[in-house]
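Novice: Need the 3D shape of this:
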Amino acid sequence: MSNQLTVLILAGDVKGQRLITECKQEGCRVFVLTRHALKGDEGWPHADVDEFYYMPSLTKKDEVINAVSYLSRTETIDRIVPLDDFDVEIASALREHLRVPGMGETTARNFRDKLAMRMVTSEKGILSPAFVSVLNHQAIHHYTQHVPPPWVLKPRSQAGAAGIRKIHNADELWRHLNQLGDEQSHYVLERFVPGDIFHVDAITINGEVQFVEVSRYGRPPLEIIQGGGIFMTSVQSRNNLDALNLKELNKQVLTALKFQRGVTHTEFIKSHADGKFYFLETAARVGGAYIAEVIEYATGLNLWTEWAKIEIAGDKLPYKVPAHREEYAGIVLCLAKQEWPDLSGYNDPEIVHRIHKKNHAGLIVASPDSSKVQALLESYCVRFSQDFLTAAPQYDKIDR
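Specialist: Below you'll find the model as predicted:
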């Protein structure tokens, strides 16, 4: 038998190109299981994929297990890597069914289920906004009597801000719950906490955080999703007290959730009312919205590439985070009214990347000076609102 590893990539969307390419460059055979709708998409690194396999959807666990088990009659699958939140649970079920190394279903649930991650971390003394599971109506009524609105009704297993609703009073809440019917148990209700939202992107090896960067969003992603606007995030000064506190909090969260190996994207909010940090959610994946590129321009380290190396190394082979810079970067991004926005009027030397995506305008800037990055991003937000910004309808669910 060959010593060459075979990596199965679960990809509900076209992403993770750097991970796929790195797996190939490390000498692996690379299989991609994706949706029929993405067949032939030009975004895939076709030259780095040995075989594509297609299904109507990757959301039906039993069907995916049967399909990959059938493939396993003739192929030995050594690693299974999910590229997005939606794929994490399926990947963990596949690993356990095929006895492939990696995160199993119990740990994966903590990184997909917003109720589970809140309960586990709260039991360890980590602050979260006051929450209640949407199960027992008496408990929900008690919650609404003792926790002042507004509240946020969140799907337990959707990604990011998808499907989240801001609720202003009990009557509005019960209307929504009645509309949800049997689906309501798949939601969690929590107090809306006004504040600044940070994300912590990390690499963990054998339960120890080996690399971490703290960034702050310009506006909460929920506001962008529901009301439109300009997305902005930037790496924060590493000696900043907020950054130091968040690194420690992130470590506590990952320890509580028993995360062992891989990359994570974790969000916290700093309350305007009391100045405290509250844990919002975490995911066992690379952050979206070009966050990986921002971190790469700040440090020289690409999280997709490192994730591939970690998966290939497994539990038995050594992995070490490579040497990297400690500079700063950030992104400004919005939906654009133009099909292909003209960014030629933006020519500061700190611009290191221009987003090339239909109906999007975006720039990444980088500098050794964090204040320079912040000043440029804030000025671009003003200019983008005049030059490009448009809005799109809010979505409740992602069709996969």
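
Novice: where does the chain dip in pLDDT?
Specialist: 1-2, 159-162, 222-227, 392-400 (pLDDT under 70).

Novice: Which residues are in contact with the most centrally placed residue in it?
Specialist: To find the centre residue of the chain, average its C-alpha atoms and take the closest one (Cα atoms, centre = their mean): that gives residue 287, at 3.9 Å. Contact analysis of residue 287 by Cβ atoms under 8 Å, 6 or more residues apart in numbering lists 199, 201, 265, 303. All C-beta atoms are positioned from the backbone trio N, CA, C, and that covers glycine.

Novice: Double-check that it belongs to a strand.
Specialist: No. Looking at residue 287 with DSSP: H, G, I helix; E, B strand; the rest coil, it is coil, so not inside a strand.

Novice: Which of the contacts of residue 287 has the largest number of neighbours?
Specialist: residue 303 (27 neighbours; other Cβ atoms under 10 Å).

Novice: right, and that one touches residue 203 too?
Specialist: Yes. Between residue 303 and residue 203 there is a contact at 7.2 Å, judged by Cβ atoms under 8 Å.

Novice: Please enumerate the shared neighbours of those two.
Specialist: Shared contacts of residue 303 and residue 203, counting by Cβ under 8 Å, 6+ apart, come down to residue 263.

Novice: gap between residue 51 and residue 138?
Specialist: 53 Å (Cβ to Cβ, to the nearest Å).

Novice: Settle it for me: which of the two has more neighbours?
Specialist: residue 51 (13 against 7).

Novice: what secondary structure does the closest residue in space to that one that isn't next to it in sequence sit in?
Specialist: Leaving out its chain neighbours, the residue that sits closest to residue 51 by Cβ to Cβ, 6 or more residues apart in numbering is residue 31, at 5.0 Å. What three-state DSSP gives for residue 31 is strand.

Novice: before we move on, the earlier item: any chance of the contacts of residue 287 in CSV, with distance to residue 235 and secondary structure too?
Specialist: Below are these laid out as CSV (distance: Cβ to Cβ, whole Å; DSSP: H, G, I helix; E, B strand; the rest coil):
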residue, distance to residue 235, secondary structure
199, 10, strand
201, 9, strand
265, 14, strand
303, 13, helix
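
Novice: Just give me the closest of those to residue 378.
Specialist: Set against residue 378, the nearest of the contacts of residue 287 by Cβ to Cβ is residue 199 (18.5 Å).

Novice: That closest one contacts residue 217, doesn't it?
Specialist: Yes. Counting by Cβ under 8 Å, residue 199 touches residue 217, with 7.0 Å between them.

Novice: what residues do these two have in common as contacts?
Specialist: With Cβ under 8 Å, 6+ apart, residue 199 and residue 217 have common neighbours residue 233.

Novice: Now the residue nearest to residue 110 when sequence neighbours are not counted: phi and psi?
Specialist: Of all residues not flanking residue 110 in the chain, residue 257 sits nearest, at 4.4 Å (Cβ to Cβ, 6+ apart). Per-residue torsions, residue 257: phi -90, psi 0 (degrees, to the nearest 10).

Novice: From residue 155, how far out is residue 257?
Specialist: Counting by Cβ to Cβ, the gap from residue 257 to residue 155 is 19 Å.

Novice: Could you check which of the two has the larger neighbour count?
Specialist: Comparing residue 257 with residue 155 by other Cβ under 10 Å, the one with more neighbours is residue 257, at 21 against 18.

Novice: How much space separates that one from residue 107?
Specialist: Counting by Cβ to Cβ - residue 257 and residue 107 are separated by 7 Å.

Novice: swap in residue 327?
Specialist: For residue 327 relative to residue 107 (Cβ to Cβ), the value is 33 Å.

Novice: go on, residue 18?
Specialist: 25 Å.

Novice: So for the two, which residue has more residues nearby?
Specialist: Higher neighbour count among residue 18 and residue 107: residue 18, with 20 against 16, using other Cβ under 10 Å.

Novice: Check which residues of stretch 37-56 are buried.
Specialist: Within stretch 37-56, the residues scored as buried using 16 or more other Cβ atoms under 10 Å are 38, 44, 48-49, 52.

Novice: Check these and tell me the two furthest apart.
Specialist: 38 and 48 (15.8 Å).

Novice: secondary structure element for residue 189?
Specialist: Element membership for residue 189 (DSSP states H and E) is strand 187-191.

Novice: where does that strand sit relative to the chain's centre, distance-wise?
Specialist: Distance of strand 187-191 from the chain centroid (Cα atoms, centre = their mean, to the nearest Å) equals 19 Å.

Novice: Repeat that for stretch 370-388.
Specialist: For stretch 370-388 - counting by Cα atoms, centre = their mean - the centre lies 24 Å from the chain centre.

Novice: cool, and stretch 92-111?
Specialist: That offset, for stretch 92-111, works out to 18 Å (Cα atoms, centre = their mean).

Novice: who touches that stretch?
Specialist: 8, 10, 61, 64-65, 68-69, 72, 77-80, 88-89, 91, 116-117, 120, 257-260, 262, 264, 282-284, 311, 314-315.
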